[in-house]
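Novice: below are the sequence and a predicted model; questions follow.
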Amino acid sequence: MAYALYVQYGLHLEPCPLCIFQRLAVIGLGVLFLLAGLHNPGQIGARIYGALIGLVALAGMAVAGRHIYIQHLPADLVPACGAPLDQLIKFLPLRQVVERVLRGDGECAKVDWTFLGLSMPECVLIVLLVVGCAGVWLNFRRQRAANQTGVDRHP
């Protein structure tokens, strides 16, 4: 998130609506990791955190995948630009806002930034995959480790 904010405010590249949804997934993962660490759950809690982390990561990867798809469309198939996200939120119900954002628009097709030949959503997809898998694995590993030692801190 820190780098995304640097790109927005330091490099002056405004995020498109799909970028904002990807940011929400990254923030959601950060919050879940923080809560899991502070909560220090037992076996069942670790499974719940692992499942939630997996779901948020998958949702973020789906949005990033949609963004990547739009970026790779031929120019004549790219949807027309729509209203800015703040205007959509102001005038439409949340369900319609989500539907319109996930359809994407011409703004989402632009590639203004790359790293090692990867666009921002491609990098986000990789990060969500790695961090999501690590979160799921660590939480289910913890549960397995507690079973092997026979210790459950929270009866």
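Specialist: Here it is on my side, so go on. What you see is a predicted model; the values in this text were computed from it and never measured.
Novice: please count neighbours and contacts with C-alpha atoms only from this point.
Specialist: OK.
Novice: next secondary structure element downstream of the lowest-mean-pLDDT helix or strand in the chain?
Specialist: Lowest on mean pLDDT, DSSP states H and E among the helices and strands of the chain sits helix 106-109, with a mean of 70. Reading on from helix 106-109 to the C-terminus, the next helix or strand found by DSSP states H and E is strand 114-115.
Novice: in its sheet, which strands sit next to that following strand, and in what direction?
Specialist: strand 118-119 (antiparallel) (DSSP bridges).
Novice: got a list of what residue 139 touches?
Specialist: 46, 47, 49, 50 (C-alpha atoms under 8 Å, 6 or more residues apart in numbering).
Novice: most surrounded residue in these?
Specialist: residue 50 (25 neighbours; other C-alpha atoms under 10 Å).
Novice: now it: how far from residue 133?
Specialist: 9 Å (C-alpha to C-alpha, to the nearest Å).
Novice: which ones among the contacts of residue 139 map onto helices?
Specialist: 46, 47, 49, 50 (DSSP state H).
Novice: buried ones in whichever strand or helix holds residue 135?
Specialist: Secondary-structure element containing residue 135, defined by DSSP H and E: helix 120-149. For helix 120-149, the buried set under the neighbour-count rule, 16 or more other C-alpha atoms under 10 Å, comprises 120-125, 128-129, 131-133, 135-136, 138-143.
Novice: ok, now stretch 27-40?
Specialist: Neighbour count says stretch 27-40 has 28, 29, 32, 33, 36 buried, by 16+ other C-alpha under 10 Å.
Novice: can you list those residues in a markdown table and add pLDDT and distance to residue 65?
Specialist: What follows is those, written out as a markdown table (pLDDT from 0 to 100; distance: C-alpha to C-alpha, whole Å):
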| residue | pLDDT | distance to residue 65 |
| --- | --- | --- |
| 28 | 95 | 18 |
| 29 | 95 | 17 |
| 32 | 95 | 22 |
| 33 | 93 | 23 |
| 36 | 89 | 27 |
